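In: Return a 3D structure for these sequence lines:
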Amino acid sequence: MTLSKELARDLLQIKAVQINLENYFTWASGMKSPIYCDNRLTISYPEIRKMITNGFIEKVNQMNIKPDVIAGCATAGIPHAAWLADKLNLPMVYVRSNPKGHGKGNQIEGESVVGKNVLVIEDLISTGGSALKVVESLRESGASVLGVMSIFTYGLRKAKTNFDAAAVQYESLTNYEALIQSLVEDSNLHKDKKRILLEWRNSIES
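Out: Got it, this is the predicted structure:
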C-alpha cells in the first residue's frame, strides 16, 4: 500500500477527515465543503505522526537543494515541522499568519532566516492562501523558500493557480483522490455519496 493511501485511511480512522453531505463545512477561505480535514488530531497518534514525519523526510531526500531551516505554519504545521526538524537535525522557525500584536511584534519566531533555504510545513492545503502568506513573510525576511509540503491537499485548481502565481512548489503526502479511493475500496462510500463528492469537486474546478 502506498503512503498516500495508507495515510488517507488513517486520517479517516481517527476522524481527522469527516464527511457531511447535509451540512457543509465552512473553510477559513469561506468556501463550503462536504469534507473537513482536521490534521491537528494526528498529533495524538504516535504511529501516524511518525509516518507523516518519515513521509516528509523521504520527500526532503528527493530535493535537489536541501533546506537549511524548517518552517512551520501556525498553528497546525508547527508540531510536524518540529518533528521533521528534529529528525533532520535542522533549525526550526514558525510563522504566524500576522505579526504578534504585542512585545516585539514578531511574525517569524526563531533564528534569522536571512539567506537561508527554508522549507515550509503546513497541515493541509485547500486554496493555498494561508501557506502563501507564510511564504511571503519568509521572503520579505530574506529567506529563499524552497517549497511547501503538507499532509493533505484537496488538489484544487485554485491552489495550483495561486502557487504558480507565487512561483512556489508544493506537494502533499496524501490527497483528495486517495481519500475517495480508500473509501470506495473499503466499501465505506455509497455510490450516491461518491457522486456528490465528485460533483462538488468538479463544481470547484469549473
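In: Please, which helix or strand holds the residue lying closest to Ala28 once chain neighbours are set aside?
Out: Closest residue to Ala28 apart from its sequence neighbours, by C-beta to C-beta, 6 or more residues apart in numbering: Ser130 at 6.8 Å. Where you see a C-beta, it was placed from the backbone N, CA and C, and this is true even at glycine. In the assignment (DSSP states H and E), Ser130 maps to helix 129-140.
In: what is the rounded mean pLDDT of that helix?
Out: Taken as a whole, helix 129-140 carries a mean pLDDT of 96.
In: Tell me the strands beside whichever helix or strand comes after that helix, with direction?
Out: Sequence order places strand 144-153 as the next helix or strand after helix 129-140, per DSSP H and E. Applying DSSP bridges to the sheet, strand 144-153 is found paired with strand 117-125 (parallel), strand 170-175 (parallel).
In: returning to what we had before: by contact count, what packs against the helix holding Ser130?
Out: strand 69-73, strand 92-95, strand 117-125, strand 144-153, helix 157-165 (3 or more C-beta pairs under 8 Å, 6 or more residues apart in numbering; DSSP states H and E).
In: Only alpha carbons, please: show the third one as PDB.
Out: As requested, C-alpha coordinates have been extracted for strand 117-125 and formatted as PDB (Å, rounded to 0.1, in the frame of the first residue of the first chain):
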ATOM      1  CA  ASN A 117      16.900  27.900   2.200                       C
ATOM      2  CA  VAL A 118      13.600  27.300   4.000                       C
ATOM      3  CA  LEU A 119      11.100  24.500   3.600                       C
ATOM      4  CA  VAL A 120       7.600  25.300   4.800                       C
ATOM      5  CA  ILE A 121       5.400  22.700   6.500                       C
ATOM      6  CA  GLU A 122       1.600  23.000   6.500                       C
ATOM      7  CA  ASP A 123      -1.000  20.600   7.700                       C
ATOM      8  CA  LEU A 124      -3.300  20.900   4.700                       C
ATOM      9  CA  ILE A 125      -3.800  22.900   1.500                       C
END
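In: That strand: which residues count as buried?
Out: Within strand 117-125, the residues that count as buried by 16 or more other C-beta atoms under 10 Å are 118-125.
In: One more: the last one?
Out: Residues of helix 157-165 classed as buried under the neighbour-count rule (16+ other C-beta under 10 Å) are 158-159, 162-163.
In: Same list, these, but as CSV with distance to His80 and pLDDT please.
Out: CSV is the format used below for the buried residues of helix 157-165 (distance: C-beta to C-beta, whole Å; pLDDT from 0 to 100):
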residue, distance to His80, pLDDT
Lys158, 24, 89
Ala159, 19, 93
Asn162, 22, 96
Phe163, 19, 98
